[in-house]
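Peer 1: sequence first, then the predicted structure, then my questions.
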Amino acid sequence: LNEIVVAGYETDGKVFALNSNGSNVTGFPVTLNQRTLRGVALKDLDNNGREDIVLCTQTDKQILLIHDNAEVDVLYTALEKFKSAPTIAEIDGESYIFAGSDDHNLYGLTPTGELVYEFVTNDRIRTSPAFYRYGNSVSIFYGSYDGFIYGKDKYGNDLDGFPIDVNSSIITSPVISDLD
């Protein structure tokens, strides 16, 4: 078992990284003084062989990157709260961090905070996107409280047949599978 990472919802907003024996990873917990409602995403974003932590906050409406040495960078600040967990996708060999916000946008950022994708819906996005890879292409799927499931290609274009109106708020994250 490797390390376990969780974010707390208390007002001090601690992020815990625990070794398999229950001891803290060096430099943790990190106190953010911000609330995180959902989970974190992990990936080695600086190519040093160690996982970094990405999370979204409600309090200051931010996407944060916690490096493996416990240093914190603010990657992006939105207009409204984040109440979804971020996800990280590899597109054309590059990592992108995606997160939905209560300001009706799904944001896609580079690990340095450059905004590359901004997909607008008609209501809050509290789901984490799912990704489908086929060949050299990646599709991005996410839902919104507006009752639509959205599908985008890696260039930000709507996929054929999307968005799909399901006539009900989408409050859970999509999962991709071949059921038949």
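Peer 2: Yes, it's here. None of these values were measured; they are calculated from a predicted model. Residues are numbered from 1 along each chain as shown.

Peer 1: helix/strand/coil for residue 95?
Peer 2: strand (DSSP: H, G, I helix; E, B strand; the rest coil).

Peer 1: residues touching it, list them.
Peer 2: By CB atoms under 8 Å, 6 or more residues apart in numbering, the contact set of residue 95 is 43, 45, 88-89, 110-111. C-beta coordinates here come from the backbone N, C-alpha and C atoms, glycine included.

Peer 1: spatially central, which residue of the protein would that be?
Peer 2: residue 86 (1.0 Å; CA atoms, centre = their mean).

Peer 1: burial count for the residue nearest to residue 29 when sequence neighbours are not counted?
Peer 2: Nearest residue to residue 29 in three dimensions, chain neighbours excluded: residue 14, at 4.2 Å (CB to CB, 6 or more residues apart in numbering). Here the number of neighbours of residue 14 (other CB atoms under 10 Å) works out to 16.

Peer 1: for residue 14, give the beta-bridge partners.
Peer 2: Residue 14 forms beta bridges with residue 31, as assigned by DSSP bridges.

Peer 1: distance of it from residue 41?
Peer 2: 18 Å (CB to CB, to the nearest Å).

Peer 1: over to residue 62?
Peer 2: Residue 62 sits 14 Å away from residue 41, going by CB to CB.

Peer 1: for stretch 30-48, measure first residue to last.
Peer 2: End-to-end distance for stretch 30-48: 20 Å, by CA to CA, to the nearest Å.

Peer 1: tell me the mean pLDDT for it?
Peer 2: Mean pLDDT, computed over stretch 30-48, is 94.

Peer 1: list the buried ones in it?
Peer 2: Buried residues in stretch 30-48, counted by 16 or more other CB atoms under 10 Å: 30, 32, 34-43, 45.

Peer 1: and it, how far out from the chain middle?
Peer 2: How far stretch 30-48 lies from its chain's middle: 10 Å, per CA atoms, centre = their mean, to the nearest Å.

Peer 1: for stretch 76-87, same thing?
Peer 2: 8 Å.
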